[in-house]
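Chemist: Make a model of this:
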Amino acid sequence: MAKKQDKKNGNDKAPSQSYKSYKAHAGDAKVHAGDVKAQTEDAKPQGVDTKLPAGPMQPLQQAQPSPLQAPPSPGSPQGMPQLPPLTKEQEEKLKEIKAKLEKFQKKIVEKFDKYIMGVALLPPPRPKEGEKPDTEKISVLVLVDDTDSKKMSKQELKQKLLSIVDKLAQEIDPRIIPEVVILSELWQNCYDAKYDMLQLISMSAPVFDNGMLGAIKIAEIHKTMVLRKFEKYIVSYVMAGSLIQGRATKSSDIDVWIVIDDTDVKRMTRAELKDKLRAIIIGMGIEAGELTGIKNKLNIQVYILTDFWDSLKEANPIIFTLLRDGVPFYDRGIFMPWKQLLRMGKIKPSAEAIDMFMASGEQMLTRVKNELKNIGMEDIYYAILTPSQAALMLYGIPPPAPKETAELMREVFVKKEKLLEEKFIETLDRVVTIRKEIEHGVKKDLSGKEVDELLENADKYLKRIKRLFTQIEKIREGKDMLEVYDSIITIIRDVLRLEGVERVHDEEVIKFFEHELVSEGKIPAKFLRMLNEIMKAKKDYEDGKLTQPEVDKLKRDSSQLVKFLVEYMQRKRGRELERAKIRVKHGERYGEILLLDDTAFIIHDIDKEEKEISKAKINPDGSLALPAKTTLEEMEKHLAKVNIPPKVFIKEKLFGHLKDIFGKDVEVLVNY
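Modeler: Numbering: from 1, shown residues only. Below you'll find the predicted structure:
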């Protein structure tokens, strides 16, 4: 397909770094960066900007001038270089290198067995200025899985491996220069937005591969194609799934996730943007597979940023697993901060998500009882899995992947908190195992007796999980009550301070709230009733009488009250600021002066993104002292401290200073 497209469009493709590395060693490479460039240029959609990415993406390594490149012959397609055939000497050299690399990879695989993930021939290193490339050296990458290494540091492990591998290479041919890369180091580079090694792997020629090198190669090439077309839209390009989790086989799919920024879409709807880009991106994935010759399916999931954020708030386990396990091949500062926040425990499911997980278990168990023969096994599995995840979420842990749920339940609720009995974890383990056996065809069917037993055990399990919820809620309800009370009291004090009431003791809050706000018609009476209920709940908690339904109602009411009070403060503060503000027009620009006590803040152009702000002292006669530059932060700090009077007066001398500040053509705007 790639060749046909090149003939049609007449693209001029120079041989890539990897191709030249083969020719330099009398070899041949299957895919190179030049192919990628030609193919992405051919696939260019109409109306899409193609600038290079502004994010941390590094440019592809430039190919060196090749002595083997010849000008195109008259009969060849336009721009297609015609390379001379290999000489007999080069063919002999090719066979020799292949034989030695085969021998080398067999030795290290025999030595380290399953820990060797891949061995690949690398392009020759770029020579220094004025030097010729050393075509005798054979640069080889050895990728090692170090996920099980616990006895020594990563650096010690790498040095030890390099010493052993280098010795094996020297025994075969001193020209073989091995470069050992441990998997954790490769992933850490990605976390740090260093993608050079990924690009090098994409230009390498695998000699041995358990699937990881091929996955990185096709993903890196696909990423490059996508970024060259849509860099203004792409937020993150992430590899995830079984390859990252260490569960992949040679035939496993290659899972990549692409997040598209839809926050500034104007010419089409968000759904249209997603569908349009998704179709082109998936087409590029097929093209990347044809370019590389990699047969594993490139499974591409495309998310728009707003949907991704909603899924995160709804505690979608797939999104949590992606954040936890995914490795960014490109990131504009969205994926990695979220990943770190998840590690720190700052991203937590909402109460609605927990309720949803719990409710789904009960609903599914009812369906199982009605349709045992048809959907029993699948629904029993989810009926006990989702409430288990809900219990962990209620405890404060993000929902784990299904295969990790049973062990995490055991660690947290059986061993640590001693709230749950081991036999219930065994029930969960057995259901997960049976489902997996049915899914993979190991177990062909279930007998009626087995279904009845599983259903009975699942029913007992779900009842026990309900009791576990009560136990967890008792641990949390005290903490929730105090958090709600403290938040409400703090925000009411802030509101009263705006009304001129500076100090209020806890026992006086209701009296001042009613007298200063409700009686004056500033706040509806229903919020006074809510406040009374919150105070009563606080007393019930101290007396040990507070129930969980009361805690739930308290949280709902407090949320309404807080929202209203925050909006009230914002409106009141906004009206106060308008009283202290003078807006002017000078030329084609608009400016503002804020008169705050004895200080004036001057904004020279309110429409300018980078605000130019000055500060001047207000003299007793109303004139302004010499203005000095200041910052938006300093102005906001001053606003937080100052009390704006009910009426602000402007003296005559200030009008004269307006001309000095804004120019002779200044006009004061009235009723703007």
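Chemist: middle-most residue in the protein, spatially?
Modeler: Phe335 (2.2 Å; Cα atoms, centre = their mean).
Chemist: So Lys339 sits against Leu322, correct?
Modeler: No: with contact defined as Cβ atoms under 8 Å, Lys339 does not reach Leu322; the gap is 9.3 Å. C-beta coordinates here come from the backbone N, C-alpha and C atoms, glycine included.
Chemist: out of those two, which sits in the more crowded spot?
Modeler: Leu322 (26 against 21; other Cβ atoms under 10 Å).
Chemist: Report the spatially nearest residue to the more buried one, omitting neighbours in sequence.
Modeler: Ala240 (5.1 Å; Cβ to Cβ, 6 or more residues apart in numbering).
Chemist: so the one you found touches Phe329, yeah?
Modeler: No: with contacts counted by Cβ under 8 Å, Ala240 stays clear of Phe329, the gap being 10.6 Å.
Chemist: where do the contact lists of those two overlap?
Modeler: Val256 (Cβ atoms under 8 Å, 6 or more residues apart in numbering).
Chemist: Quickly list what Val180 is bridged to.
Modeler: Val142 (DSSP bridges).
Chemist: need the contact list for it.
Modeler: 142, 144, 158, 161-162, 165.
Chemist: now the strands for the stretch 51-200 of the chain?
Modeler: 116-121, 138-144, 176-182 (DSSP state E, counting those that start in this stretch).
Chemist: Direction included, what does the shortest one pair against?
Modeler: Paired strands of strand 116-121, with direction, are strand 138-144 (antiparallel), strand 205-209 (antiparallel) (DSSP bridges).
Chemist: how many degrees apart are the longest one and strand 176-182 in direction?
Modeler: Spelled out, that is strand 138-144. Computed by axes from the mean of the first three to the mean of the last three Cα atoms, to 10 degrees, the angle separating strand 138-144 from strand 176-182 equals 20 degrees.
Chemist: Quick one: closest of the strands paired with strand 116-121 to Gln301.
Modeler: Between Gln301 and those, the tightest spacing by Cβ to Cβ is seen for strand 205-209, at 24.0 Å.
Chemist: which residues of the stretch 551-672 of the chain score low on pLDDT?
Modeler: 640, 646, 671-672 (pLDDT under 70).
Chemist: Which parts of it are helices?
Modeler: 632-641, 652-662 (DSSP state H, counting those that start in this stretch).
Chemist: go on, the stretch 201-350 of the chain?
Modeler: Using DSSP H, counting those that start in this stretch, helices in the stretch 201-350 of the chain cover 212-230, 242-245, 270-292, 305-313, 317-325, 335-343.
Chemist: With the stretch 401-550 of the chain instead?
Modeler: 402-409, 422-439, 448-498, 509-512, 526-542, 548-579.
Chemist: a markdown table please, covering the ones you listed and showing mean neighbour count.
Modeler: Shown next, in a markdown table, are the helices of the stretch 401-550 of the chain (neighbours: other Cβ atoms under 10 Å):
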| stretch | mean neighbour count |
| --- | --- |
| helix 402-409 | 18 |
| helix 422-439 | 16 |
| helix 448-498 | 16 |
| helix 509-512 | 16 |
| helix 526-542 | 16 |
| helix 548-579 | 15 |
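Chemist: So which of the contacts of Val180 wins on neighbours?
Modeler: That'd be Val142 among those, by other Cβ under 10 Å, with 26 neighbours.
Chemist: tell me the contacts of that one?
Modeler: With Cβ under 8 Å, 6+ apart, Val142 has these contacts: 108, 116, 118-119, 161, 165, 178-181.
Chemist: just the residues you listed now: which is nearest Arg410?
Modeler: Nearest to Arg410, judged by Cβ to Cβ, of the contacts of Val142 is Ile116 at 33.7 Å.
Chemist: Please report how far the closest residue to the closest one other than its chain neighbours lies from Lys423.
Modeler: In space, and not counting its chain neighbours, Ile116 is closest to Val109: 5.0 Å by Cβ to Cβ, 6+ apart. Computed as Cβ to Cβ, to the nearest Å, the Val109 to Lys423 distance reads 44 Å.
Chemist: I am finished for the moment; much appreciated.
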